[in-house]
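Visitor: no letters, just coordinates:
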């Protein structure tokens, strides 16, 4: 993910870079705006995830927020595409 520019050195999503890539897509402007809104929503969602103090957690704290962001983002992209088709 870092090599693609989606994560920085601190393993945090590079939201600006993600939005920049969306804006460069050759798709309808309305769809771009819906996907960018999804990025904003997922950014806020991921920042609300509490820091885990559970040592038994299979993921380190550093990976929890990016994981939640990208899962949310995946669903928001799908939602935007489905709404475009409706």
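Guide: Yep, that arrived. Values in this document were obtained by computation on a predicted structure and should not be read as measured data.
Visitor: next one: the closest residue to residue 7 other than its chain neighbours from residue 30, what distance?
Guide: Spatial nearest neighbour of residue 7, excluding adjacent residues (C-beta to C-beta, 6 or more residues apart in numbering): residue 1 at 4.4 Å. Heads up, the C-betas are built off the backbone N, CA and C, glycines and all. Using C-beta to C-beta, to the nearest Å, residue 1 is found at 28 Å from residue 30.
Visitor: and if you look at residue 43?
Guide: In terms of C-beta to C-beta, residue 43 sits 21 Å off from residue 30.
Visitor: the two: who's more crowded?
Guide: Set side by side, residue 43 and residue 30 show more neighbours around residue 43, with 17 against 11, by other C-beta atoms under 10 Å.
Visitor: the more buried one and residue 68 touch, don't they?
Guide: No: in this structure residue 43 lies outside contact range of residue 68 using C-beta atoms under 8 Å: 10.3 Å.
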